[in-house]
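Q: With the input below, show me the fold.
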Amino acid sequence: MKLIATRAALVVVFFASAVAVQATTHERGASAQTQSSLADGEVRKVDKEAKKITISHGPLTNLGMPGMTMVFQVKDPAMLESVKAGDKVRFIAERLDGAYTVMRMERAN
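A: Now for the predicted structure:
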């Protein structure tokens, strides 16, 4: 009986360890994917009142979109405070409630 209980405990520990490793790997992969999904762009217009930004960008791989110039909403209007027309940026956009929205943006070097 002790042998069965010991084996059962080992199986539980093994599967718990496998799940923990998979979760950690998934988190690292998601972080790397987010970094690699950042698109290059150039700000063409900032409309703080409408909470929108126009960006001429390269391909948006996560959206399957080729490079173009388009207007985006922004997740956080504070993003618009740190950029102006002509600034080079790196950003990630998603389709949120039917609208293309900049979720994250940073000035490029």
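
Q: residues contacting the residue lying closest to Ser82 once chain neighbours are set aside?
A: Leaving aside its sequence neighbours, Ser82 sits nearest to Arg107 (C-beta to C-beta, 6 or more residues apart in numbering; 6.9 Å). C-beta here means a position set from N, CA and C on the backbone, and glycine is covered the same way. Arg107 is in contact with Ser82, Val83, Asp87, Lys88, Val89, Arg90, counting by C-beta atoms under 8 Å, 6 or more residues apart in numbering.

Q: do that again at 7 Å, thanks
A: Ser82, Val83, Asp87, Lys88, Val89 (C-beta atoms under 7 Å, 6 or more residues apart in numbering).

Q: Quick check: strands, which of those residues are part of them?
A: Lys88, Val89 (DSSP state E).

Q: Pull out the buried residues from the contacts of Arg107.
A: Burial by neighbour count, judged by 16 or more other C-beta atoms under 10 Å, picks out Val83, Asp87, Val89 from the contacts of Arg107.

Q: got the buried residues for stretch 47-59?
A: Lys52, Ile53, Thr54, Ile55, His57.

Q: For these, give me TSV that also has distance to Val43, secondary structure and pLDDT.
A: Formatted as TSV, the buried residues of stretch 47-59 follow (distance: C-beta to C-beta, whole Å; DSSP: H, G, I helix; E, B strand; the rest coil; pLDDT from 0 to 100):
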residue	distance to Val43	secondary structure	pLDDT
Lys52	11	strand	98
Ile53	6	strand	98
Thr54	7	strand	98
Ile55	6	strand	98
His57	10	strand	97
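
Q: Since that was my last question, I'll sign off now.
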